[in-house]
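just need the structure, nothing else, for what follows:
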Amino acid sequence: MGLHFWPTVALTVAGMMTSVFVFSGIGGVWMQHRQKQRRLRREPIFTKRSRNIIKVFRKFGMGGIAFLTPVLLSPIGGTVIATLLGVPRPRILLHMFWSAVLWGGALTFASVRFGHMLHH
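This next block holds a predicted model:
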């Protein structure tokens, strides 16, 4: 689209934080709905993926979840997981903000610096 570095970073951070803000508010309700569906289908509560997420949370806390969110969990997934684990909303917003700035800056830098290689 031809945007420069800083507007691209700002829009990337704004996009992630919008979804974090919305889903930190409705994440608990959505997870209750999913748990009810899971019980009706008799699916296991703990999967290999959920166990790994809990291991990361126990070892690295909310910072670990926030760091992995943009690249592995998606902003919605990371926010819902943090909400489900009982992290207070202000803490979720703070950690997801620094994560969005870090990853938004890094990925925007990579696309500006190396994006021309994709066009050839």
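
just confirm Pro75 contacts Thr12, I think it does.
No: the criterion here is Cβ atoms under 8 Å, and Pro75 misses it with Thr12 at 10.6 Å. For glycine as for every other residue, the C-beta is placed from the backbone atoms N, C-alpha and C.

after the helix or strand Gln32 falls within comes which helix or strand?
In this structure, Gln32 sits in helix 5-41 according to DSSP states H and E. Where DSSP H and E defines the elements, the next helix or strand beyond helix 5-41 is helix 48-68.

show residues contacting that next one.
With Cβ atoms under 8 Å, 6 or more residues apart in numbering as the test, helix 48-68 has contacts from 73, 78, 81-82, 85, 87, 91-92, 95-96, 98-99, 102.

for those residues, work out which two are farthest apart.
Leu85 and Leu102 (21.1 Å; Cβ to Cβ).

for the residue nearest the centre of the chain, list the residues it contacts.
With distances taken as Cα atoms, centre = their mean, Pro75 lies nearest the centre of the chain, 2.7 Å away. Neighbour list for Pro75: 16, 19-20, 23, 69, 96, 100 [criterion: Cβ under 8 Å, 6+ apart].
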